[in-house]
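Peer 1: predicted coordinates and the sequence they were generated for:
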Amino acid sequence: MMRVNSGSTVAVSGRPVQGLADGANRTMVPGGTARQIVRGPGPHRTAASRRPTGGGLNRLAVAGLLAATGIAGLLFAPVFGLPAVLVPTLVVVIVCYAGVELCERFPVLTPLRPLVLLFVSVLALIEAVLFSTTVAGLPTGDSVRGIVRGLTDGWQLTLQSTWPARPDPDLLLFVPLAVMVACLLGVELLLRLRKPLLSLLPSLAVAGLAQAYHALPGFGAAAAALAFAVPAGLVLWAHGPARSGTAATGPGPRSARVSAMTAWLALPTVVAVGLGAVALGAFDPAGQEPFQLKDGHVAPLQRNRISNPLHEIAQRLADPEPEVFRYRSDAPVDRWTLIVLDKFDGANWSSDAAPRRLGVRLDGAPGGAVRSAEVSVGGLPAPWLPSQPIPTDVEGLAPLVDQGTGTLLLDQSADTQRRYRLSWSVPRPDAETLSGAAVDTSARGGLGELGQVPPDIAELAGKSVLGLRPSFQSALVLERYLSTNYRVETGAALPTGHGWPQLRHFLTKTRRGTSEQFAAAYVVLARLNGIPARLAVGYRGPARPTGADYVVHNRDVLAWPEVAVAGVGWVPLDPTGSATEAGPAQPDLAGVAAQAREQLPQEDELRPPQLPPPPQPDNGADGQGLTWAQAGLIGAIAIGTVLISWLLGVPLAKAARARHRRRLGGADGVIGAWAEARDRLRAHGVPYRVGMTTRDLAESAGAVTGERTRLPVVRLAQVLDMALWSGMPTADSAARRAWDEVTLVRGALKARPWQARIRAAVEIRSLLAPPGRGRGQA
C-alpha cells in the first residue's frame with residue numbers, strides 16, 4: 001500500500017494517478033485500485049463507498065409502496081364487496097402516483113408534495129364517488145360536505161350496518177380516504193426521509209383496520225399476507241444499495257439504505273408471520289368468533305318513540321275492521337312479524353334486539369327456498385315494518401334490521417304510505433325430522449329470566465309437558481296442553497296484560513284470554529321446563545286474497561311463541577289452536593310444524609323421542625389430552641414461533657446494538673466502532689480469542705474475508721490506539737473516522753457470497769460479548 005499526498009503523481013500498475021485536491025489523500029491497495037480518502041470537516045469515507053443523495057425518482061419503490069397500500073385497502077372487500085372497494089382504491093393509488101410524477105417533473109412542487117397528493121386524490125374521489133354532487137364535473141359545496149361526512153361518519157355508519165354494507169358514499173368513502181392518508185404518509189417517509197421500512201407502516205395500519213372490521217379466515221388471510229408481502233418486498237429490494245443510485249430526491253438527512261440481504265430476510269419473515277397468524281387463528285380452543293369492531297355498535301333510533309305492539313293487541317281486536325297493510329306474494333304467507341320479545345322481568349316483555357342498517361343483502365337459511373312479497377303499509381305506527389324471520393333483502397326502503405329476529409324498523413315519519421319489496425329465506429325440514437329434533441339451549445334469549453315465579457305456576461309447568469325432557473316433541477305437548485285446556489276470548493271485554501299477575505289469573509282461574517296471554521304463558525312454561533322459547537308479535541296472513549292483494553286487518557293481529565330447535569332455528573307455534581291447516585298452502589316452518597303437530601301421539605302413547613347424542617369432544621384415542629393433530633399443530637406453531645423469533649429477532653437486535661454504539665462519542669465512540677467491527681467479523685467466522693490484539697484480528701480477518709477487510713481493520717486499530725493510549729482527550733471526529741472504517745468493513749463483507757451473509761445475519765453468538773473483554777481489547 002502506498003499513501004500519496006496531494007499534488008503528486010504516482011504510477012500504479014502502469015497507470016498514472018494525478019494529484020488530489022487539498023485535504024485529500026489517495027490510498028493504493030493491491031491490484032492497482034485507487035481509493036480517495038476525504039480529509040476535512042466531518043467523517044471521511046471512500047468515494048467508492050459513498051452514494052449519491054439525488055439521482056432521480058425511485059419509481060419501483062414508489063410503485064411497490066402504493067401497491068401495498070392499495071392491497072391493504074382492498075382488504076375491506078368483505079365489508080362492502082370487492083367491486084365497490086376496487087374502483088375508489090385504484091383511483092387513489094393511480095392519482096397518488098401521478099402526483100409523485102408531477103412533483104418529480106416540476107421540482108418546485110416537491111416541498112408541497114403532500115398538499116399536491118391530497119388535492120388530486122380528493123378531486124379524483126369526488127369525480128369517482130360523488131359525481132352526482134358536481135356541476136358539469138366541477139366540485140360543489142355538497143361534494144366537500146360529502147368528503148367530510150365520509151371522513152368523520154363513514155367508519156361509524158359502516159359499523160352500524162350489516163355486511164356487505166351498501167356502497168353509499170357516506171359509508172364507503174372512509175376506505176379510500178384511509179388509503180389516501182396512508183399513501184401520503186408512506187410517500188413522504190420513503191422519498192423525504194428515505195425510510196423504506198417505516199414507509200410501509202401506514203399501509204400496515206390500513207390492513208390492521210380492515211382486519212379489525214372483518215378478520216379474513218384461513219387461506220384468505222394467508223393469500224392477503226402474501227399479496228401484501230410481494231409489493232412490500234419490492235419496496236425494500238428497490239431501495240437496496242445496488243439500486244440506491246435511483247433514490248428519490250427531496251430534502252432530508254442521509255439515512256442508511258436497506259441492504260438486499262435485509263430485504264430477502266424481511267420477505268420470508270413477513271410470510272412466516274402471516275402463515276403463523278393463520279395457523280393460530282385456526283387453532284381456537286375457545287371456539288369463539290374473532291373480535292370485530294362492529295360488536296356492540298348498533299344503529300340508534302332518533303326520530304321515533306317506539307311503542308310495544310304487544311300492548312296494542314286487545315285494542316286492535318276491539319276494532320277489527322281497519323286495514324293495517326296489504327301485500328302481494330309469490331306464495332302464501334302464514335304470518336308476518338313485527339317484533340320479537342325475549343326478555344321478561346315478571347311485569348313487562350322487552351326485546352334485546354340490535355338493529356343495524358340493512359346492507360346489500362343478508363345470508364339466507366342453508367338450502368332454504370327464497371320467497372318475496374311487495375308490501376304496502378299504512379296502518380302501523382312507526383318504526384315497525386312487517387317482516388319475516390330470515391329476511392335477505394329489502395328494496396324501496398332503507399330500514400334497520402335485527403339479524404337475530406328479522407325485525408325491520410324504519411326510522412322516519414309514518415305519515416306517508418310505506419312501500420317496499422321484501423325477500424326472505426324459508427327453511428323447510430321434513431316433519432318427521434322436526435318431530436324428533438332436540439331443542440337448541442344455546443339460542444340467544446331462549447332461556448332468559450322470568451322474574452319471581454309464583455309457586456303454583458312452577459307446579460303447573462311440570463304437569464303441562466307430562467314430565468318429558470326438553471325436545472321439540474315436549475314443545476308440541478305444551479302447545480297441545482294450552483290449546484286443549486284454555487279458550488280464546490272474543491267480544492268487547494277482552495283481557496289485557498302479560499305480567500305474572502295476569503298470567504297467573506289466566507292459567508289458574510279464568511283459562512280464557514287472547515293470543516297475548518296464550519303466547520306469554522307458553523313462553524314462561526316452556527322456559528320453566530328447559531325449552532328455549534321467545535314471544536313474537538305480528539299478524540296472521542289471510543287465507544285468501546282480496547282481488548290481487550292480501551289485505552291484513554286489525555283482527556289478524558297475533559302473538560305466538562317460537563321455540564329454538566337444533567339444526568333448524570326458531571320454529572313458530574300456535575297455542576291458541578287457530579293455526580291454518582298444514583299442507584302445500586303453507587310452504588314454511590309454520591306448515592312443517594303443523595304437520596309435526598298432526599303426527600304427535602296421544603298422551604297415553606307418548607314416548608320420549610330418540611334424540612341424537614350430544615357431540616362429544618374428541619380427546620384422542622385414550623379420551624384424555626389432545627389429539628395427535630392438535631399436538632402436531634401446537635408443536636408446529638411453537639417451532640414456527642422460535643424460527644420467526646430467530647430470523648427476525650437476531651437481525652433486529654444487532655441493528656439496535658449498532659445504533660446504540662454509533663450514538664456514542666469520543667473514546668467510547670471509537671471503542672464502540674471497534675466492537676462493532678469485531679462482532680461483524682465474528683459473525684462471518686473470523687476467529688477471535690482472548691489475548692488477541694487488534695492487529696491479530698486484522699490478520700485473521702484478511703485470511704478469512706480477504707484483503708479488503710484487513711486494511712480498514714488496520715486503520716481502525718490505529719484510531720483505537722490513539723484514542724486509548726495517546727493521553728489526550730479524544731474528539732468526536734476520531735469516533736467518526738472509526739465508524740467510517742466500520743462502513744468500509746461492512747462494504748467488504750457485502751461482497752461475500754449471499755449464503756455467508758445470511759448466515760452472518762442470523763448468527764447468534766456474536767450478540768454475546770467475547771469472554772475476557774478488556775478496555776484494550778474492546
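Peer 2: Ah, there it is.

Peer 1: tell me what the helix or strand hosting residue 526 is packed against?
Peer 2: Using DSSP states H and E, residue 526 falls within helix 515-528. In this structure, helix 515-528 makes packing contacts with helix 313-318, strand 343-344, helix 455-464, helix 472-485, helix 500-505, strand 533-540, strand 557-565, judged by 3 or more Cβ pairs under 8 Å, 6 or more residues apart in numbering; DSSP states H and E. Bear in mind the C-beta positions are built from the backbone N, C-alpha and C, glycine included.

Peer 1: for residue 232, which three-state class applies?
Peer 2: helix (DSSP: H, G, I helix; E, B strand; the rest coil).

Peer 1: can you check residue 747 too?
Peer 2: helix.

Peer 1: quickly note the distance from it to residue 708.
Peer 2: Distance of residue 747 to residue 708, computed by Cβ to Cβ, to the nearest Å: 8 Å.

Peer 1: how about the strands in the stretch 551-700 of the chain?
Peer 2: According to DSSP state E, counting those that start in this stretch, the stretch 551-700 of the chain carries its strands in the segments 557-565, 569-572.

Peer 1: next: the stretch 201-350 of the chain.
Peer 2: Under DSSP E, counting those that start in this stretch, the stretch 201-350 of the chain gives strands at 323-329, 335-341, 343-344, 349-350.

Peer 1: what's the closest of those strands to residue 448?
Peer 2: Closest of these to residue 448 is strand 343-344, at 5.6 Å (criterion: Cβ to Cβ).

Peer 1: mind giving me the packing neighbours of that closest one?
Peer 2: Using 3+ Cβ pairs under 8 Å, 6+ apart: strand 343-344 touches strand 349-350, helix 515-528.

Peer 1: please repeat the previous calculation with a cut-off of 6 Å.
Peer 2: Helices and strands touching strand 343-344, as assessed by 3 or more Cβ pairs under 6 Å, 6 or more residues apart in numbering; DSSP states H and E, are absent.

Peer 1: any idea how far that strand is from the chain center?
Peer 2: 34 Å (Cα atoms, centre = their mean, to the nearest Å).

Peer 1: and the contacts of it?
Peer 2: Residues from elsewhere that reach strand 343-344 (Cβ atoms under 6 Å, 6 or more residues apart in numbering): 350, 352, 448, 450.

Peer 1: what's the mean pLDDT across that strand?
Peer 2: On average, the pLDDT along strand 343-344 is 94.

Peer 1: same question, stretch 479-493
Peer 2: On average, the pLDDT along stretch 479-493 is 90.

Peer 1: mean neighbour count, the strands of the stretch 551-700 of the chain: which tops it?
Peer 2: Of the strands of the stretch 551-700 of the chain, the one with the most neighbours on average (mean count of other Cβ atoms under 10 Å) is strand 557-565, at a mean of 26.

Peer 1: what sits up against it?
Peer 2: 313, 316, 437, 439-440, 443, 446, 472, 475, 515-516, 519, 522-523, 532-534, 536-537, 539-540, 570-574.

Peer 1: rewinding a little: comparing the strands of the stretch 201-350 of the chain, which comes out most buried?
Peer 2: Greatest burial across the strands of the stretch 201-350 of the chain, using mean count of other Cβ under 10 Å, falls to strand 335-341, with a mean of 24.

Peer 1: state the distance from the one residue sitting closest to the centre of the chain to residue 87.
Peer 2: The residue lying closest to the centre of the chain (Cα atoms, centre = their mean) is residue 211, at 1.4 Å. According to Cβ to Cβ, residue 211 stands 22 Å off from residue 87.

Peer 1: redo the strands of the stretch 551-700 of the chain as JSON lines? Include mean pLDDT.
Peer 2: What follows is these, written out as JSON lines (pLDDT from 0 to 100):
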{"stretch": "strand 557-565", "mean pLDDT": "95"}
{"stretch": "strand 569-572", "mean pLDDT": "92"}
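
Peer 1: closest to residue 127 out of those?
Peer 2: strand 569-572 (46.0 Å).

Peer 1: and the closest one, what does it pack onto?
Peer 2: Short answer (3+ Cβ pairs under 6 Å, 6+ apart): strand 569-572 packs on strand 557-565, helix 589-598.

Peer 1: any chance of JSON lines for these, columns distance to residue 636?
Peer 2: JSON lines is the format used below for those (distance: least, Cβ to Cβ, whole Å):
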{"stretch": "strand 557-565", "distance to residue 636": "39"}
{"stretch": "helix 589-598", "distance to residue 636": "45"}
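
Peer 1: tell me which of the ones you listed lies nearest to residue 96.
Peer 2: Nearest of these (Cβ to Cβ): strand 557-565, 51.5 Å.

Peer 1: let me know the angle separating the closest one from strand 533-540.
Peer 2: Calculated by axes from the mean of the first three to the mean of the last three Cα atoms, to 10 degrees, strand 557-565 forms an angle of 140 degrees with strand 533-540.

Peer 1: from the chain's centroid, how far away is the helix holding residue 526?
Peer 2: Average the C-alpha atoms of helix 515-528, do the same for its chain, and the two points are 41 Å apart (Cα atoms, centre = their mean).

Peer 1: just the angle between that helix and strand 557-565, please?
Peer 2: Using the same axes, to 10 degrees: helix 515-528 against strand 557-565 is 20 degrees.

Peer 1: show the average pLDDT along helix 515-528.
Peer 2: Mean pLDDT, computed over helix 515-528, is 95.

Peer 1: just the buried positions in that helix, please.
Peer 2: 515-528 (16 or more other Cβ atoms under 10 Å).

Peer 1: quick one, domains of this protein?
Peer 2: Residue ranges for the domains of the chain, per automatic domain parsing: 2-38, 61-282, 309-428, 432-602, 637-767.

Peer 1: dump those domains into a markdown table; add distance to residue 300 as well.
Peer 2: Formatted as a markdown table, the domains of the chain follow (distance: least, Cβ to Cβ, whole Å):
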| stretch | distance to residue 300 |
| --- | --- |
| domain 2-38 | 68 |
| domain 61-282 | 8 |
| domain 309-428 | 8 |
| domain 432-602 | 21 |
| domain 637-767 | 42 |
